[in-house]
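> model the following, please.
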Amino acid sequence: MRYKAGGTTLTCPCCQNDTFDKDKRQLNSRGATFMGLDWANKVATILVCTRCSYISWFMVEPMEHSQS
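Residues are numbered from 1 along each chain as shown. The predicted structure is shown next:
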């Protein structure tokens, strides 16, 4: 899938590929983990390059973008 962030079509900074697999990752903090509150931590969206597997992290979810 292709994505846009901030109005720009995303490409991998390593190999210039423009297709990614999307997933979510929890951003754990020591304090919340210590208190057993991992569920309260923020979540980031990650895009994994389908060519070289480079991972890009986003706090605002990128939008899907179909090539015209």
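
> bridge partners for the residue nearest to the spatial centre of the chain, pull those for me.
Centroid-nearest residue in the chain: Ile46, 1.8 Å away (criterion: Cα atoms, centre = their mean). Using DSSP bridges, the bridge partners assigned to Ile46 are Asp23, Trp57.

> OK, contacts around it?
Residues in contact with Ile46 (Cβ atoms under 8 Å, 6 or more residues apart in numbering) are 22-25, 55-58. All C-beta atoms are positioned from the backbone trio N, CA, C, and that covers glycine.

> distance-wise, check Gln16 relative to Met59.
Gln16 sits 24 Å away from Met59 when distances are taken as Cβ to Cβ, to the nearest Å.

> burial count for Phe20?
By other Cβ atoms under 10 Å, the residues close to Phe20 number 22.

> OK, contacts around it?
Taking Cβ under 8 Å, 6+ apart as the test, what Phe20 contacts is 1-3, 10, 12, 47-50, 56.

> over to Gly7?
Counting by Cβ under 8 Å, 6+ apart, there are no residues that Gly7 touches.

> distance of it from His65?
10 Å.

> what do those two both touch?
Shared contacts of Gly7 and His65, defined by Cβ under 8 Å, 6+ apart, are not found at any residue.

> just the helices in the chain please.
Secondary structure of the chain (DSSP state H): helices at 30-34.

> any low-confidence regions in it?
For the chain, applying pLDDT under 70 flags the ranges 28-41, 67-68.

> now do the strands in it.
Ranges of strands in the chain, per DSSP state E, are 3-5, 8-9, 20-26, 43-49, 55-58, 63-64.
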